[in-house]
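>>> sequence unknown, structure follows:
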Ligand code: HEM
């Protein structure tokens, strides 16, 4: 600051400096943001190291990895959409009960009664589609840049699992509105499971295990011989608790590996 | 992978060497991420103001819509039901896709080709992956946009009476049975299938023996030698499975063949 002292300051500048000093020059602010605004290289490094949120990132990044035309930021977009989905999803849970006779009416309430309910549901829906698309694009980016090669083989495998869980997350959510669209889509999807060899009642060799319509793999998944109230509760629990939990753990691992292996770059 | 490419490869990475252009994450990376979040939030908000999430009538077991479609990301598998029984289209193929994806890093033998979009050393890998993605996208396109009632082809620009959802009535089957489909005899089918996979397995080696002079073939020879038998077997069986899927689609569409192999237990 001292080198600017000889210049004349406009009243606006003076006010701005006073206000920012008031805001930052006090023990409360300093207890939260320990290093002040990171204006020097040293402070820039320090802020990345010492802040809980920033610590997930490295202190320095290779210029080439930073370019959008390299990474498309697709992994980041996928993760951000996941956060938005968690946020809007939790808010939706306030208004939604996974019960055969209520679920559909709760959708109508969200549309017509709940303040901002429409926008909430729309955001959750479109973000879900976007996340599926983003995760596919992210996988393509990782493939085309060869970023799955040593030492990142394991992280690619974790990625494939994340792809699977993203699809399952979206699929279990599809049933929850309990309308014709989701009901029949999930019927079609889960019917495929009954064709599994050995463990599905319509699959090859199911007789060998004595598998029937009421004890096969599909029955275990949907809790009945057709999509009904049990399937609705199961979809809800998997959608809101089970799969997000597993996906979060996998993402933690995914990000930890990226930090350990370093972001990909030319050899 | 090979010894010199053990798990700690990061040391070889140009960007980890001193002198490689690196910039502090604050503000460079933080900025990119902040702008991305802002952009996505605004975009999502805008879309959500303009487009409503679909909500149809309340679910009813007795009213089967025709067609009943899976969500778009699974509709490729549903589209494959035209050509395969569900245990293949809905169970074996998706599992094999996942297994194949997982195996990719373990059969790739060009470890240095990373960190850039430069494909001259990995033409085959890129071509194969791109074909798979394009295949998947085509199936989604056809299933999502071109399939109408009874899973028949309906061109989206034409406004049919039945577009959207027509409820089935009693006595009208969901599947249309108009087309006469034949199956191969079990012997022919078996021979065809076994022949396809065995010839496919040795074909690349035969080519290298038959045309040892050609440049492309010499490249192939080097690639096969480097790959080794185990990795070769893994890669080639996936290539053949994908090819076989395409061939079956051609047989069904071009020659009205329903099954290649019919046994009392399973049909392919
Ligand atoms: C929920 C799903 C996923 C999330 C949230 C996620 C997130 C991320 C993020 C934030 C990065 C940092 C670089 C970037 O933005 O591109 C990354 C890198 C990576 N991802 Fe993912 N990812 C997901 C799924 C996948 C999938 C499906 C694959 C592959 C099958 C994959 C493989 C990788 C690999 C190998 C890296 C390291 C790339 C490099 O160093 O260049 N991820 N991921």
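In hand now; what should we look at? As the structure is a prediction and not an experimental result, all values here were calculated from the model.

>>> so which residue of chain B comes closest to chain A?
Here chain B gets closest to chain A at one residue, residue B:90, 2.9 Å apart by Cβ to the nearest Cβ. In short, each C-beta sits where N, CA and C put it, glycine included.

>>> low-confidence ranges in chain A?
A:1-7 (pLDDT under 70).

>>> any idea which residue is closest to the centre of it?
By Cα atoms, centre = their mean, chain A has its centre lying nearest to residue A:82, at 1.9 Å.

>>> ranges for the helices of the stretch 101-250 of chain A?
Taking DSSP state H, counting those that start in this stretch as the test, the helices found in the stretch 101-250 of chain A are A:103-112, A:117-144, A:153-175, A:180-191, A:217-222, A:229-237, A:243-261.

>>> the residue nearest to the centre of chain A touches residue A:254, doesn't it?
No: with contacts counted by Cβ atoms under 8 Å, residue A:82 stays clear of residue A:254, the gap being 11.4 Å.

>>> so what's residue B:47 up against?
Counting by Cβ atoms under 8 Å, 6 or more residues apart in numbering or on different chains, residue B:47 touches A:122, A:126.

>>> name the helix or strand for it, please.
Secondary structure from DSSP states H and E places residue B:47 in helix B:25-50.

>>> what touches both of residue A:82 and residue A:254?
Common neighbours of residue A:82 and residue A:254, using Cβ under 8 Å, 6+ apart, do not exist here.

>>> next one: the residue nearest to the centre of chain A from residue A:132, what distance?
Plainly put, residue A:82 is 11 Å away from residue A:132 if you go by Cβ to Cβ, to the nearest Å.

>>> how's chain A carved up into domains?
Following automatic domain parsing, one gets these domains for chain A: A:2-50, A:72-260.

>>> adding distance to the ligand, write the ones you listed out as CSV.
Shown next, in CSV, are the domains of chain A (distance: least, Cβ to the nearest ligand atom, whole Å):
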stretch, distance to the ligand
domain A:2-50, 16
domain A:72-260, 2
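
>>> output the ones you listed as a markdown table; include the columns distance to residue B:133.
What follows is these, written out as a markdown table (distance: least, Cβ to Cβ, whole Å):
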| stretch | distance to residue B:133 |
| --- | --- |
| domain A:2-50 | 36 |
| domain A:72-260 | 7 |
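
>>> can whichever strand or helix holds residue B:127 be said to contact chain A?
According to DSSP H and E, residue B:127 maps onto helix B:123-141. Yes: counting by Cβ under 8 Å from any Cβ of the partner chain, chain A is contacted by helix B:123-141 at B:126, B:129, B:133.

>>> list the helices and strands that helix packs on?
Packing contacts for helix B:123-141, counted by 3 or more Cβ pairs under 8 Å, 6 or more residues apart in numbering or on different chains; DSSP states H and E, involve helix A:117-144, helix B:75-80, helix B:215-255.

>>> any buried residues in stretch B:142-151, and which?
Applying a neighbour-count criterion of 16 or more other Cβ atoms under 10 Å in any protein chain shown, one finds B:143-144, B:147-151 buried in stretch B:142-151.

>>> does residue A:267 touch residue B:14 like I think?
Yes: counting by Cβ under 8 Å, residue A:267 does reach residue B:14; the two are 6.2 Å apart.

>>> neighbour count: those two, which is higher?
Using other Cβ atoms under 10 Å in any protein chain shown as the criterion, residue A:267 and residue B:14 rank with residue A:267 on top: 18 against 13.

>>> what residues are up against that one?
Counting by Cβ under 8 Å, 6+ apart, residue A:267 touches B:12-14, B:111-112, B:114-115.

>>> next, give me the two most distant ones among these.
B:14 and B:111 (13.8 Å; Cβ to Cβ).

>>> what's the spacing between the residue of the stretch 101-250 of chain B found nearest the ligand and residue B:247?
For the stretch 101-250 of chain B, the residue positioned closest to the ligand under Cβ to the nearest ligand atom is residue B:101, at a distance of 6.1 Å. Separation of residue B:101 from residue B:247 (Cβ to Cβ): 22 Å.

>>> neighbours around residue B:53, how many?
Count around residue B:53 with other Cβ under 10 Å applied: 19.

>>> what kind of secondary structure is it in?
What DSSP: H, G, I helix; E, B strand; the rest coil gives for residue B:53 is coil.

>>> what about it, distance to residue A:130?
Using Cβ to Cβ, residue B:53 is found at 13 Å from residue A:130.

>>> number of residues surrounding the residue nearest to residue A:86 when sequence neighbours are not counted?
Nearest non-adjacent residue to residue A:86, counting by Cβ to Cβ, 6 or more residues apart in numbering or on different chains: residue A:244, 6.9 Å away. Residue A:244 has 18 neighbours, counted by other Cβ under 10 Å.

>>> any idea which helix or strand comes after the helix or strand of chain B with the lowest mean pLDDT?
Across the helices and strands of chain B, mean confidence by mean pLDDT, DSSP states H and E is lowest for strand B:166-167: a mean of 44. As assigned by DSSP H and E, the chain's next helix or strand after strand B:166-167 is helix B:186-210.

>>> show me the contact partners of that following helix.
By Cβ under 8 Å, 6+ apart, the surrounding residues in contact with helix B:186-210 are B:183-184, B:217, B:220-221, B:224, B:233, B:236-237, B:239-240, B:243-244, B:247, B:259-263, B:268.

>>> which single residue in the stretch 151-267 of chain A comes nearest to chain B?
Here the stretch 151-267 of chain A gets closest to chain B at one residue, residue A:192, 2.9 Å apart by Cβ to the nearest Cβ.

>>> so that residue versus residue A:150, what's the distance?
Distance of residue A:192 to residue A:150, given as Cβ to Cβ: 36 Å.

>>> still on that earlier bit, now render the residues of helix B:123-141 next to chain A as TSV, adding neighbour count.
Below are the residues of helix B:123-141 next to chain A laid out as TSV (neighbours: other Cβ atoms under 10 Å in any protein chain shown):
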residue	neighbour count
B:126	17
B:129	18
B:133	14
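
>>> run through chain B and note the low-pLDDT ranges.
Chain B contains residues with pLDDT under 70 at B:1-12, B:157-179.

>>> let's see it at 50
Applying pLDDT under 50 to chain B flags residues B:1-8, B:162-177.

>>> interface residues of it facing the ligand?
For chain B, no residues are found near the ligand under the criterion Cβ under 6 Å from any ligand atom.
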